[in-house]
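Participant: Okay, structure incoming, though there's no sequence with it:
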């Protein structure tokens, strides 16, 4: 079936099922992470989709410490929706640290992306001075490097530490070599690099994210690869995926770059209002273009991926939406 016709049929069926849905107005809070990061873009996309489906509605993006914090915030009823990484949700379900008990209150609404690679971006002057060509070189050369990771409490900060540990350059070892590992929100990391207060950032970002373009326009930078051995070590620890950033993504790289990636889903409480959950899920399906448009890296998002999360079962109302969509 022609995709345009199919989308129109889906939109009509969801509208009819809602029974005058446009009369419904929602004022929801969505827990994300730091301001200016990729989750804030997705917050804007979710808000736009819900507004389009239910005029007058608002989905307010609330900054937080990230997915680990969002598990607790959702449990406490401090937000209606929350973005949480796959690794964080798995830890919550199993009651693994930092959780003291199994957290079974989560239900999936939609998978948002499975491509947000860990990018090790280093000041090119520092790299040239120290012969730094891969993440492994930090340990091999015992470099006095200052690295910035995401804020503590964000899973990608933990993954970043695992990557450093895997190459033999733990935060304690880097300190012994005269460097340090700092922690800052995504929106602050570019400023730290530009001001020469850190030599390298290691964070989960969409490829060619605006913050990377802005940084590369201010100073010369390099993208560091990691070895297959390092990739496998981190996968074994976090159950995430390998990812290759194509050389064509940036005009300042000269080869494809191997790294790792995380995925993220939109969650509600398992006991959330079924009508709200179903309507939000239907809004995301019907107006998926609002999510695809927040950044060109979101272009691959489709309804099948939105309905294909495996980490945590979908809320029954959301599952009904994806069953109707054929995802």
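Facilitator: Noted; the coordinates are in hand. Computed from a predicted structure; not experimentally measured.
Participant: Show me where the stretch 201-327 of the chain has its strands.
Facilitator: 221-224, 241-245, 257-269 (DSSP state E, counting those that start in this stretch).
Participant: and residue 264, what are its bridge partners?
Facilitator: residue 85, residue 113 (DSSP bridges).
Participant: Give the full set of residues in contact with it.
Facilitator: Residues near residue 264 by CB atoms under 8 Å, 6 or more residues apart in numbering: 39, 42, 67, 83, 84, 85, 86, 111, 112, 113, 116. All C-beta atoms are positioned from the backbone trio N, CA, C, and that covers glycine.
Participant: circling back: just put the strands of the stretch 201-327 of the chain in CSV and tack on mean pLDDT and distance to residue 32.
Facilitator: Shown next, in CSV, are the strands of the stretch 201-327 of the chain (pLDDT from 0 to 100; distance: least, CB to CB, whole Å):
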stretch, mean pLDDT, distance to residue 32
strand 221-224, 98, 26
strand 241-245, 94, 22
strand 257-269, 95, 10
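Participant: so where do the helices sit in the stretch 1-150 of the chain?
Facilitator: Taking DSSP state H, counting those that start in this stretch as the criterion, the stretch 1-150 of the chain carries its helices at 3-18, 38-53, 67-75, 86-94, 124-130, 136-140.
Participant: Between all of the contacts of residue 264, which two are separated the most?
Facilitator: For these, the farthest-apart pair by CB to CB is 42 and 86; their separation is 15.0 Å.
Participant: need the contact list for residue 143.
Facilitator: Neighbouring residues of residue 143 by CB under 8 Å, 6+ apart: 130, 132, 137, 169, 174, 177, 179.
Participant: Drop anything exposed from those residues.
Facilitator: Buried members of the contacts of residue 143, scored by 16 or more other CB atoms under 10 Å, are 130, 132, 137, 169, 174, 179.
Participant: how near is residue 199 to residue 146?
Facilitator: 5 Å (CB to CB, to the nearest Å).
Participant: Just to check, residue 91 is in contact with residue 100?
Facilitator: No: using CB atoms under 8 Å, residue 91 is not in contact with residue 100; the gap is 11.5 Å.
Participant: Low-confidence ranges, the chain, go.
Facilitator: Where the chain drops to pLDDT under 70, the residues are 1-23, 327.
Participant: Walk me through the domains of it.
Facilitator: Residue ranges for the domains of the chain, per automatic domain parsing: 3-113+264-325, 116-262.
Participant: all helices for the stretch 151-300 of the chain, in order.
Facilitator: 155-166, 171-176, 186-194, 210-218, 228-238, 274-286, 288-292.
Participant: for the third one, which positions count as buried?
Facilitator: Neighbour-count burial for helix 186-194, counted by 16+ other CB under 10 Å, picks out 186, 188, 189, 190, 192, 193.
Participant: Give me the residues contacting that helix.
Facilitator: Outside helix 186-194, the residues within contact range by CB under 8 Å, 6+ apart are 33-38, 121, 123, 148, 150, 182, 184, 198, 200-201, 203, 205, 211, 214-215, 218-219, 221.
Participant: Of those residues, grab the buried ones for ChimeraX.
Facilitator: Those of the contacts of helix 186-194 that count as buried under 16+ other CB under 10 Å are selected in ChimeraX with:
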select :33,34,36,37,38,121,123,148,150,182,184,198,200,201,203,205,211,215,221
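Participant: Hmm, residue 278 and residue 322 touching each other?
Facilitator: No: between residue 322 and residue 278 there is no contact, the gap being 10.5 Å when judged by CB under 8 Å.
Participant: quick revisit: now for the helices of the stretch 151-300 of the chain, which one comes closest to residue 104?
Facilitator: Relative to residue 104, the nearest member of the helices of the stretch 151-300 of the chain by CB to CB is helix 274-286, separated by 16.9 Å.
Participant: Show me what the closest one is packed against.
Facilitator: helix 3-18, helix 38-53, strand 106-123, helix 303-306, helix 316-325 (3 or more CB pairs under 8 Å, 6 or more residues apart in numbering; DSSP states H and E).
Participant: Can you tell me what sits against stretch 90-101?
Facilitator: The contact list for stretch 90-101 (CB under 8 Å, 6+ apart) reads 68, 71, 84, 102, 103, 104, 106, 239, 311, 312.
Participant: of those residues, closest to residue 293?
Facilitator: Nearest to residue 293, judged by CB to CB, of the contacts of stretch 90-101 is residue 84 at 22.9 Å.
Participant: what sits against the closest residue to that closest one other than its chain neighbours?
Facilitator: In space, and not counting its chain neighbours, residue 84 is closest to residue 67: 4.0 Å by CB to CB, 6 or more residues apart in numbering. Residue 67 sits next to 33, 82, 83, 84, 85, 88, 89, 154, 155, 264 when contact means CB under 8 Å, 6+ apart.
Participant: Settle this for me: the fifth one is touching residue 157, isn't it.
Facilitator: No: under the criterion of CB under 8 Å, residue 85 is not in contact with residue 157, lying 11.2 Å apart.
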